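Undergrad: Sharing a model prediction with you, sequence too.
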Amino acid sequence: MTPHSNDAPLGAAVALDGRGACIAEARHLAAGFLTRVRAEHSIPVSQRAIEVTQLVVSELVTNAQKYAAGPILLDLRITDGLVEVQVWDSDPVLPVARAADAGRVGQHGMEIVVAVCEGFEAMREPVGKRLTARLALADEPTRIDQSRR
């Protein structure tokens, strides 16, 4: 991963070849990035945030590898208490989260991504598409049930 300039939001980007172990590589790079953000910049990043980010990266890169030929670009940025995960691929077809169906085997990836994110958008680019998922870096504070007091 290559760090962005000091003027840009804290982030990193990598080009994946779209073959073989690129999904595992993307997951590893996302976890390493968030671990470094926490250690080197004292930004609160929960273990849950690391794990959910890895899940989202895995689902988005899997879809790119499955449906698009060629390279995949993964961009991670920290902004306003969120990690923004962007995945670009060469296929212009935008993904659609299917309706929940417990009987369906497979094809639940976009359902999962949309469910765990603070925000999600898919945009066509001049070539291909860019998917952007935003996830909270910190767990929600534990809420005290006022009725038990």
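TA: Perfect, I can see it now.
Undergrad: From now on I want contacts and neighbour counts done on CA atoms only, so please keep to that.
TA: Will do.
Undergrad: Just give the closest residue to residue 84, not the sequence neighbours.
TA: residue 134 (4.5 Å; C-alpha to C-alpha, 6 or more residues apart in numbering).
Undergrad: Surely the one you found is in contact with residue 119?
TA: Yes: proximity of residue 134 to residue 119 meets the contact threshold set by C-alpha atoms under 8 Å, at 5.1 Å.
Undergrad: Just the residues contacting stretch 19-28, thanks.
TA: Here stretch 19-28 makes contact (C-alpha atoms under 8 Å, 6 or more residues apart in numbering) with 16, 54-55, 57-58, 61-62, 65, 74.
Undergrad: average pLDDT for that stretch?
TA: Averaged across stretch 19-28, pLDDT comes to 92.
Undergrad: The chain should start at 23 in everything you say after this.
TA: Sure, I'll start numbering at 23, so the last one becomes stretch 41-50.
Undergrad: Now do that stretch: distance to the chain's middle.
TA: Computed by C-alpha atoms, centre = their mean, to the nearest Å, the chain-centroid distance of stretch 41-50 equals 13 Å.
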